[in-house]
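Chemist: structure for the following, please:
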Amino acid sequence: MLHTWRWFGPQDRASLTDVRQAGAVGVVTALHHIPEGVVWSPEEIAKRKAMIETDGGEPTGLTWVVAESLPVSEDIKRQVGDYKAHFAAYRESLGNLAAAGVTVICYNFMPVLDWTRTHLNWRLPHGGTAMRFDLVDFAVFDIHLAARAGAAEAHGAALAQAAEERFAAMSEARKKELAAAITAGLPGSDRTLTLDDVKAAIATYDGVDADRLRRHMADFLAEVVPTAERLGVRLCCHPDDPPVPLLGLPRIVSTEADYRAMLDAVDSPANGVTLCSGSLGARAGNDLPGMMARLGDRVHFLHLRNVRHEPGPGTAPYTSFHESDHLDGEVDMVALVAAVLAEEAKRAAAGRADAVIPMRPDHGHDLADDLKRGAQPGYPTVGRIKGLAELRGVEAALRAVRR
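Modeler: Coordinates of the predicted model:
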């Protein structure tokens, strides 16, 4: 695996020196300041590339390996407004990235909210903090704060009753904190959504069910994958996070079957998967080592993290969960890394240029100095260094066994 690190650019609380000291050799970043639907120009790409490769005038030894994320606009997802112009802008951005040597492009197809948590700093027994998705709190947001029509019925009687009781006891400060957590938006983005923004955005998806969204995704892939294939670019779709429908919005990249349908829609090596073990692991029944074995030839990027399901009023696949240590959760991380190494060995034997798959330690607990840094939620420095060290240890041990 190629060890990489997500870096949000000059505003990131983690410096490039931190990245090097963590042991990463590649950087995963994006031009978050450019709005969706707008071309990433050669000049802006070159500026970010130069930041990564030199620090204080000295070479860093780091390279920009993955663009995460080149966003798919809401117009494309809904096929409204300027969506055809956005197709063209996306293709142009792919060309500009490829010309700069960035050939792995991560994106997602989640409507409105890119990831959703009810707690961004949930206190753990050891004093650190984690991100958490509490199903009752989420139902509070959906039924009482967003006041979505039909939300109580959609959640079911038991969960709606639990939400009613939780809401009655909830302080005004917690209500504001909950709304802020759910509307936090894409990490690194300058975009901050208000509760009214979310309500309005949900309304724009009236009439867009899962089947229609799948058709729109297939149309997007048909528009951009041929360009990616010609350029030698590997597109890789990130799964839904969490991988269940939320707020009445469809989610269509949540299971192995969803990924298989996506890959079959436009069958090309350029149309691939970002295997995020934490996102997919939040849904009971997703077999991550098995998914890696079966989808492995189209896995172009890895996010390795773990989650722990929590008991509660929800029924599978709707459960509460929190982000656990990388090696302690629902995902058998040792088996998953073994499946990754087996796929890399197959690729090397076949002479594939992409035999080594980029991997980044995803998320992590806020630990030690992280608690004072105020980093992007889910992206602490110490917590990710710990996660990367653990993952590198698993990889080294498995390689030693294979020798």
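Chemist: what's the residue most central in space within the chain in contact with, if anything?
Modeler: By CA atoms, centre = their mean, the chain has its centre lying nearest to H238, at 5.5 Å. Neighbouring residues of H238 by CB atoms under 8 Å, 6 or more residues apart in numbering: 68-69, 106-108, 253, 274, 276, 279, 303. Every residue, glycine included, has its C-beta placed from N, CA and C.
Chemist: try it again with 6 Å
Modeler: Residues near H238 by CB atoms under 6 Å, 6 or more residues apart in numbering: 106, 108, 274, 276.
Chemist: and the pLDDT for it?
Modeler: Looking at H238, its pLDDT is 98.
Chemist: my guess is L193 contacts T183. True?
Modeler: Yes. The pair L193 and T183 qualifies as a contact (CB atoms under 6 Å) at a distance of 4.2 Å.
Chemist: the least confident helix or strand in the chain by mean pLDDT: how far from the chain's middle?
Modeler: Sorted by mean pLDDT, DSSP states H and E, the helices and strands of the chain end with strand 54-55, the least confident at a mean of 88. Relative to its chain's centre, strand 54-55 lies at 27 Å (CA atoms, centre = their mean, to the nearest Å).
Chemist: partner strands of that strand, parallel or antiparallel?
Modeler: Sheet pairing of strand 54-55 (DSSP bridges) gives strand 58-59 (antiparallel).
Chemist: chain center to the strand it pairs with, what's the gap?
Modeler: With CA atoms, centre = their mean, you get 30 Å for strand 58-59.
Chemist: what's the answer for stretch 300-313, then?
Modeler: 12 Å.
Chemist: could you do stretch 217-226 as well?
Modeler: 20 Å.
Chemist: just the CA coordinates of it, formatted as PDB?
Modeler: Listed next in PDB are the C-alpha coordinates belonging to stretch 217-226 (Å, rounded to 0.1, in the frame of the first residue of the first chain):
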ATOM      1  CA  MET A 217     -25.100   8.600 -11.800                       C
ATOM      2  CA  ALA A 218     -24.900   6.300 -14.800                       C
ATOM      3  CA  ASP A 219     -25.300   9.300 -17.100                       C
ATOM      4  CA  PHE A 220     -22.500  11.100 -15.200                       C
ATOM      5  CA  LEU A 221     -20.200   8.100 -15.600                       C
ATOM      6  CA  ALA A 222     -21.000   7.800 -19.300                       C
ATOM      7  CA  GLU A 223     -20.000  11.500 -19.600                       C
ATOM      8  CA  VAL A 224     -16.700  11.400 -17.700                       C
ATOM      9  CA  VAL A 225     -15.300   7.800 -17.700                       C
ATOM     10  CA  PRO A 226     -14.300   7.700 -21.400                       C
END
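Chemist: who touches it?
Modeler: Under CB under 6 Å, 6+ apart, the answer for stretch 217-226 is 76, 87, 90-91, 109, 265-266, 268, 270-271.
Chemist: now, of the residues you listed, which are buried?
Modeler: 76, 87, 90-91, 109, 265-266, 270-271 (16 or more other CB atoms under 10 Å).
Chemist: check which helices and strands the helix or strand containing L235 is in contact with.
Modeler: If you go by DSSP states H and E, L235 is part of strand 234-237. Other helices and strands packing on strand 234-237, by 3 or more CB pairs under 6 Å, 6 or more residues apart in numbering; DSSP states H and E, are strand 104-107, strand 271-276, strand 299-304.
Chemist: same list, those strands, but as JSON lines with mean pLDDT please.
Modeler: Supplementary listing: those in JSON lines, determined by pLDDT from 0 to 100:
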{"stretch": "strand 104-107", "mean pLDDT": "98"}
{"stretch": "strand 271-276", "mean pLDDT": "98"}
{"stretch": "strand 299-304", "mean pLDDT": "98"}
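Chemist: inside strands: which ones of the contacts of stretch 217-226?
Modeler: Secondary structure from DSSP state E places N271 of the contacts of stretch 217-226 in strands.
Chemist: what residues sit buried inside stretch 338-353?
Modeler: Under the neighbour-count criterion of 16+ other CB under 10 Å, stretch 338-353 has 338-344, 347 buried.
Chemist: centre of the chain versus it, how much separation?
Modeler: On CA atoms, centre = their mean, the centre of stretch 338-353 falls 24 Å from that of its chain.
Chemist: numbering from 640 from now on, please.
Modeler: From this message on, residue numbering opens at 640, which makes the last subject stretch 977-992.
Chemist: where does the stretch 690-839 of the chain dip in pLDDT?
Modeler: 824-831 (pLDDT under 70).
Chemist: the helices in it, which residues?
Modeler: Listed in chain order, the helices of the stretch 690-839 of the chain (DSSP state H, counting those that start in this stretch) span residues 713-717, 722-738, 774-779, 790-794, 796-808, 811-821, 834-842.
Chemist: hey, which of these is tucked in deepest?
Modeler: helix 774-779 (a mean of 24; mean count of other CB atoms under 10 Å).
Chemist: mind listing residues that contact it?
Modeler: Outside helix 774-779, the residues touching it (CB under 6 Å, 6+ apart) are 757, 794, 798, 801-802, 805-806, 817, 951, 953, 959.
Chemist: rewinding a little: just flag the most distant two among the contacts of stretch 856-865.
Modeler: Spanning the widest gap among those are I715 and S907, at 18.7 Å by CB to CB.
Chemist: pretty sure R873 is touching V743, no?
Modeler: Yes. The criterion here is CB under 6 Å, and R873 meets it with V743 at 5.2 Å.
Chemist: who touches both of those two?
Modeler: Shared contacts of R873 and V743, defined by CB under 6 Å, 6+ apart, are found at H939.
Chemist: just the helices in the stretch 840-989 of the chain please.
Modeler: 849-870, 895-904, 916-920, 927-934, 972-989.
Chemist: that's all I had, so thanks and see you.
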